[in-house]
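Visitor: this is a predicted model, with the sequence first.
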2 protein chains.
Amino acid sequence: MVILAGEPVAQRLLDETQKAHDAFQKTTGRAACLAAIIVGDSPASVLYVRKKTEKANSLGIESRVFELSSLVRPYELKILIETLNEDPAIDAILVQRPTHIPDRDISLWIAPHKDVDGFHPLNAGNLALGNPCVTPCTPLGILAMLEHYKINLSSTCIVGRSPLVGKPLATLLTSHNATVTLCHSKTQNLKAVTQQADLVIVAVGHAHLLDRSFFKQDAYVIDVGINHKNGKLQGDVNHDGIEDVVAGISPVPGGVGPVTIAALMKNTVLCANLSTQFLRAQTASDISIFDE
Amino acid sequence: MVILAGEPVAQRLLDETQKAHDAFQKTTGRAACLAAIIVGDSPASVLYVRKKTEKANSLGIESRVFELSSLVRPYELKILIETLNEDPAIDAILVQRPTHIPDRDISLWIAPHKDVDGFHPLNAGNLALGNPCVTPCTPLGILAMLEHYKINLSSTCIVGRSPLVGKPLATLLTSHNATVTLCHSKTQNLKAVTQQADLVIVAVGHAHLLDRSFFKQDAYVIDVGINHKNGKLQGDVNHDGIEDVVAGISPVPGGVGPVTIAALMKNTVLCANLSTQFLRAQTASDISIFDE
């Protein structure tokens, strides 16, 4: 059995991103800048954002962190986001999402060209229509893993239909010629479906929901789940005895996680290029208005 | 075998739409208005648009048709669309699409709240994120058919990944708890996949691509194709001898076609309500600027 480690894939993405960022710096004379907003002081959120900004800094990308009280009102968060949208020194914005403000509101507030997570409806729509611009980081990272390990996509089953992972991943893999079956909590006889697939990607956010009995002999499995349970990190798949069944599986931790962070770096540089283009277009149109 | 006729489903949608339009008229004091732009003088385009406007008029919805030369330049079409976007008397805009101007450009020009076909990336994104607003007419009509005939969605196969039918349909049915496998031209051993499904929806735009050998006993089949061949209309499925295999199939013509037109009417009234809200919000914000 092959362990589909995330590290070499992440490194490859980071190398590409480093080159793209060097080119960006050469053209614009400045580093890209990622703004991260944390709502509340949960240690997990703080740690997660620190991991991202440290990775950015290691590539020469600047970062700014905004820590807001867990009691922040929606309009206060909105005003901060709108200020960052307008700020030419900020290229990309991510929000470590609080629970009391609806995700869909936050996604709409961030300008699409600074939407480093790819959650704005315009980015989701462009992906759905086959013209992806900013693609959500986890699907982007998973695609990079599948390409790195040269895994055949012709019979793919995705478990989990979340709008941030399962659904955009299904769309992305379909456009890469995968034949995808998208399963979810209402799927009847899930095991019979997963057992048909050569590749199963599990993104349900529920520790050990599937075990080895769900996979056919020599299938590949990508375990997207990162669940905190009993002080440990657990995947969505119970890996006990799985080596007798599958041909390869991504570990938790050390699988999809680092690749997702690398994909975020790639998106940051993409946003930096988009934001620069946007600013240039805006300036050009301001001048033409001025001329009239 | 049941013939899954479109007419009763279309009638039901039209009855609902009539009520919604009556309510709209009562509130606003005016009829909704659908603008249709035809590029070029192909008799098929003219006939297709006439069918739509006649159906609209039969519900008391107004229509305006704009016939443009097949030589129209992209910026000329764009200016017409922008004018209609700004016109408060126009609620919904459809373009009988020419071949020489990219679909994605046209989709971006139409204001999302007047985008009666649901092709704008913002509408595609809202559908993908699970907050559908204007949903494309053919998927909307197919869902109405499946609900009308009480067809089980738990094992659904869609053949065809077009951004206007197959992909949004997969998203829409998934959000209605279907477990969907999305197949396409690069699917390996298509027949083995379709033969697994209790419901197969074929939307490939290729006359008679599938025949009865592709379906399992007692499956249901929705044939979305409307192909002009040898002076006749043919579906994507060859219906010869199919009665021995399937439990039900939608005919061509008389299946998905009339339901799609009814769904367009439903979307027209939806757009009329959205456009009225949009205008109200815009006016309110103009007043507040004026007050400053």
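Guide: Thanks, I have the structure now. What you see is a predicted model; the values in this text were computed from it and never measured. Numbers count the residues shown, from 1 in each chain, chains lettered A, B, ... in the order given.
Visitor: longest single helix anywhere in chain A?
Guide: Ranked by residue count and defined by DSSP state H, the top helix of chain A is helix A:256-291.
Visitor: now that one: buried residues?
Guide: Across helix A:256-291, burial judged by 16 or more other CB atoms under 10 Å in any protein chain shown covers A:256-276, A:278. Bear in mind the C-beta positions are built from the backbone N, C-alpha and C, glycine included.
Visitor: do stretch A:79-88 as well
Guide: A:80-81, A:84-85.
Visitor: who touches it?
Guide: Contact partners of stretch A:79-88, identified using CB atoms under 8 Å, 6 or more residues apart in numbering or on different chains, comprise A:35, A:37, A:66, A:68, A:90, A:93, A:95, A:106, A:109-111, A:114, A:275, A:279.
Visitor: now residue A:262: how far from residue A:17?
Guide: Distance, residue A:262 to residue A:17, by CB to CB, to the nearest Å: 7 Å.
Visitor: what do you get for residue A:229?
Guide: Look at residue A:229 and residue A:17: by CB to CB, they are 32 Å apart.
Visitor: and stretch A:218-229, end to end?
Guide: Length of stretch A:218-229, first residue to last, CA to CA, to the nearest Å: 29 Å.
Visitor: mind checking if that stretch is in reach of chain B?
Guide: No - shown here: stretch A:218-229 not in contact with chain B (CB under 8 Å from any CB of the partner chain), separated by at least 15.9 Å.
Visitor: residue A:233 and residue A:239 touch, don't they?
Guide: No - the criterion here is CB atoms under 8 Å, and residue A:233 misses it with residue A:239 at 11.9 Å.
Visitor: and those two? Which one has more around it.
Guide: More crowded of residue A:233 and residue A:239, by other CB atoms under 10 Å in any protein chain shown: residue A:239, with 19 against 14.
Visitor: got the residues of chain A near chain B?
Guide: Near chain B, when you scan chain A using CB under 8 Å from any CB, you find A:104, A:107, A:119-131, A:154-155, A:161, A:163, A:167-168, A:170-171, A:174-175, A:177, A:179-184, A:186-188, A:193, A:196.
Visitor: list buried residues within those.
Guide: A:107, A:119-129, A:155, A:161, A:163, A:167-168, A:170-171, A:174-175, A:179-184, A:187, A:193, A:196.
Visitor: thinking again about what came up before, which of the buried residues of stretch A:79-88 fall in helices?
Guide: Among those, DSSP H puts A:80-81, A:84-85 in helices.
Visitor: about what we covered before: among the contacts of stretch A:79-88, name the buried ones.
Guide: Looks like the contacts of stretch A:79-88 have A:35, A:37, A:66, A:68, A:90, A:93, A:95, A:106, A:109-111, A:114, A:275 buried, using 16+ other CB under 10 Å.
Visitor: so which of these comes closest to chain B?
Guide: residue A:106 (12.2 Å; CB to the nearest CB).
Visitor: which secondary structure element is home to that closest one?
Guide: Per DSSP states H and E: residue A:106 is located in helix A:103-109.
Visitor: what about the strands in the stretch 51-200 of chain A?
Guide: Applying DSSP state E, counting those that start in this stretch to the stretch 51-200 of chain A gives strands spanning A:62-68, A:92-96, A:156-159, A:180-183, A:199-202.
Visitor: excluding chain neighbours, what is closest to the most centrally placed residue in chain A?
Guide: Central residue of chain A (CA atoms, centre = their mean): residue A:137, 1.9 Å from the mean position. What sits nearest to residue A:137 in space, not counting adjacent residues and going by CB to CB, 6 or more residues apart in numbering or on different chains, is residue A:263, at 4.1 Å.
Visitor: repeat for residue A:201
Guide: Leaving aside its chain neighbours, residue A:201 sits nearest to residue A:222 (4.3 Å; criterion: CB to CB, 6+ apart).
Visitor: picking that back up, who has more neighbours out of residue A:229 and residue A:17?
Guide: Set residue A:229 next to residue A:17 and count neighbours by other CB under 10 Å: residue A:17 wins out with 24 against 9.
Visitor: show me what contacts the more buried one?
Guide: So residue A:17 contacts A:59, A:262, A:265-266, A:268-269 (CB under 8 Å, 6+ apart).
Visitor: and it, how far is that from residue A:23?
Guide: Taking CB to CB, one finds residue A:17 at 11 Å from residue A:23.
Visitor: same check on residue A:261?
Guide: Distance of residue A:261 to residue A:23, computed by CB to CB: 21 Å.
Visitor: output the helix or strand that the residue nearest to residue A:201 is a member of as CSV, nothing but the C-alphas.
Guide: Element membership for residue A:222, per DSSP H and E: strand A:220-223. C-alpha atoms of strand A:220-223 as CSV (Å, rounded to 0.1, in the frame of the first residue of the first chain):
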residue,chain,number,x,y,z
TYR,A,220,-7.3,4.6,-3.8
VAL,A,221,-8.7,6.7,-0.9
ILE,A,222,-8.3,10.4,-0.2
ASP,A,223,-9.2,11.1,3.4
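Visitor: domains for chain A, by residue range?
Guide: According to automatic domain parsing, chain A comprises the domains A:28-111, A:137-256.
Visitor: part of a strand, is residue A:22?
Guide: No - Residue A:22 sits outside any strand when classified using DSSP: H, G, I helix; E, B strand; the rest coil, being helix.
Visitor: nice, that's everything, thank you.
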